[in-house]
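1. I'll drop the sequence and a predicted model, then ask my questions.
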Amino acid sequence: MCPRERVRSIHVVSTLLPLTTAKGVSAYRLALAVAVAIPVAAAGLGWLPSAVVVAALAVLAVATIYLYDVNEWDDQPVPVVLAAMAASLLLGAVTTALIDGALDGPGIVGFGRTGIDGRSVMMHGVVAPLAAVGLGLAGPLWLAARPRFDDMIDGVTFGVVSGTAYAAGETLLLYREVLADAPSSGGSAALWMSIVANAAIVKPVVYGAALGVAAAAFSGIGAGYEGFGRHFGRALAGAAIAMLAYGVGVALAGEIDGSVGSALGLAWGLVVAGGLIVILRTRIHQGILEAALNAAQGKPSRHEARGEAFCGECDLPLVPLALFCSGCGTSVRATSKRRQHFNVKRTNPSASRARA
């Protein structure tokens, strides 16, 4: 998280992408705003297939760029993480197809029907969110149990990318009829703009933050992972409750006629997403403080500054074995790929020439 931001505040980028520097936060915030604005504008213009596809993949694309940019695992394990992301996307799509098959109806949670379709609300509002928690955590927990990925920030990252990927797969299958036949989709521009906004930013944030909270508790603090203990049980229950709150609220709002229902679903999703962001930020902050306490007690950390290193934010030299910059307070891990290459070149020019 950015050291200039309060812990209990709603900052999506620095929470879901915790190893981003303050400069990087501004760039990712702009990228995310553009990625959301494009599908919403496309929905307003009636370009529904393009709007749905871009909305489903917007946050996932930003998260993928982040994985490459921070270069957290020195390139080699990144394909493993991307494979887990693809698996989550596929699980989201397959699960949604199975749920729709059980309902014997189209994929879209309907707006404008008279009365409440309790079966649809149950499947889309209860079964689908619980399935997302269970299936979406499969990849993150498997990765977090590996020695190379057992850090709490790694757990957060795995949970976030898996949640956003699962949400993308779910959205693409949920609105598959729009992709197949946009003119017959019906509904006003305001209705579809609300639906697309929910799919583009609210839903992936809810899914990503919920799974990030659970995966962070599984990873725990320090070397090794905490596993299926008491902390993980509480975090998993909290993630499930938040997902249920979002799913049931949006499904019930979808039973209200027209754009009013879609707007209410979007507003409720924003409330749930904001609460999850604060919870995840608090958990990350606690983990950072505990890691700093362990370092003060002399417990080693593989993320300590080694040799001649420089802060990725303010460029000041880092104290040996430091976990944070003494000048700006930024974590030593918050460094982009470009900055890492710059540090190597500056501290060891001959090695840099040899590598080239």
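-> Structure received. These numbers come from a predicted model, not from an experiment.
2. Could you pull up the mean pLDDT of stretch 272-286?
-> Per-region confidence: stretch 272-286 scores 89 on mean pLDDT.
3. Now tell me what touches that stretch from outside.
-> By CB atoms under 8 Å, 6 or more residues apart in numbering, the residues outside stretch 272-286 that reach it are 1, 7-12, 15-16, 18, 152-153, 156, 202, 205-206, 209-210, 212-213, 216-217, 235, 238, 242, 245-246, 249. For every residue, glycine as well, the C-beta is placed using N, CA and C.
4. Surely Gly163 and Ala210 touch.
-> Yes - counting by CB atoms under 8 Å, Gly163 touches Ala210, with 6.4 Å between them.
5. more crowded one of the two?
-> Neighbour tally, Gly163 and Ala210, criterion other CB atoms under 10 Å: the higher count belongs to Gly163, 36 against 32.
6. How far away from the center of its chain is the helix or strand harbouring the more buried one?
-> Assessed by DSSP states H and E, Gly163 sits inside helix 152-174. The chain centroid and the centroid of helix 152-174 are separated by 6 Å under CA atoms, centre = their mean, to the nearest Å.
7. Kindly report the same for stretch 195-213.
-> That offset, for stretch 195-213, works out to 7 Å (CA atoms, centre = their mean).
8. And the average pLDDT for the helix holding Gly163 is what?
-> Rounded mean pLDDT across helix 152-174 is 90.
9. any low-confidence regions in the stretch 201-350 of the chain?
-> 222-224, 290-316, 318-350 (pLDDT under 70).
10. again, only using 90
-> For the stretch 201-350 of the chain, residues meeting the criterion pLDDT under 90 lie at 216-217, 219-231, 251, 253-262, 281-350.
11. Tell me which residues of the host helix or strand of Ala263 come out buried.
-> Secondary structure assigned from DSSP H and E places Ala263 in helix 258-296. Residues 259, 261-266, 268-270, 272-281, 283-284, 287-288, 291, 294-295 are the ones in helix 258-296 that count as buried (16 or more other CB atoms under 10 Å).
12. how does the protein divide up, domain by domain?
-> Recorded structural domains for the chain (assignment: automatic domain parsing) are 12-296, 303-356.
13. right, so these: which one is the most enclosed?
-> For the domains of the chain, the largest average neighbour count (mean count of other CB atoms under 10 Å) is found in domain 12-296, namely a mean of 20.
14. now that domain: how far from the chain's centre is it?
-> For domain 12-296, the distance to the chain centre is 6 Å (CA atoms, centre = their mean).
15. circling back to that earlier point, ok, then the element right after the helix holding Gly163?
-> helix 176-180.
16. Now Ala240: closest residue in space, sequence neighbours ignored.
-> Nearest residue to Ala240 in three dimensions, chain neighbours excluded: Val133, at 5.1 Å (CB to CB, 6 or more residues apart in numbering).
17. elements contacting the helix or strand that the one you found is a member of?
-> For Val133, the host element (DSSP H and E) is helix 128-136. Judged by 3 or more CB pairs under 8 Å, 6 or more residues apart in numbering; DSSP states H and E, the packing partners of helix 128-136 are helix 78-103, helix 152-174, helix 203-219, helix 230-253.
18. hmm, 6 Å instead?
-> Packing partners of helix 128-136 (3 or more CB pairs under 6 Å, 6 or more residues apart in numbering; DSSP states H and E): helix 78-103, helix 152-174, helix 230-253.
19. would you list those in CSV and tack on distance to Asp69?
-> Compiled in CSV, those are given as follows (distance: least, CB to CB, whole Å):
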stretch, distance to Asp69
helix 78-103, 11
helix 152-174, 12
helix 230-253, 27
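20. Relative to Ser188, which of those is closest?
-> Ser188 sits nearest to helix 230-253 of all the helices and strands packed on helix 128-136, at 15.8 Å, using CB to CB.
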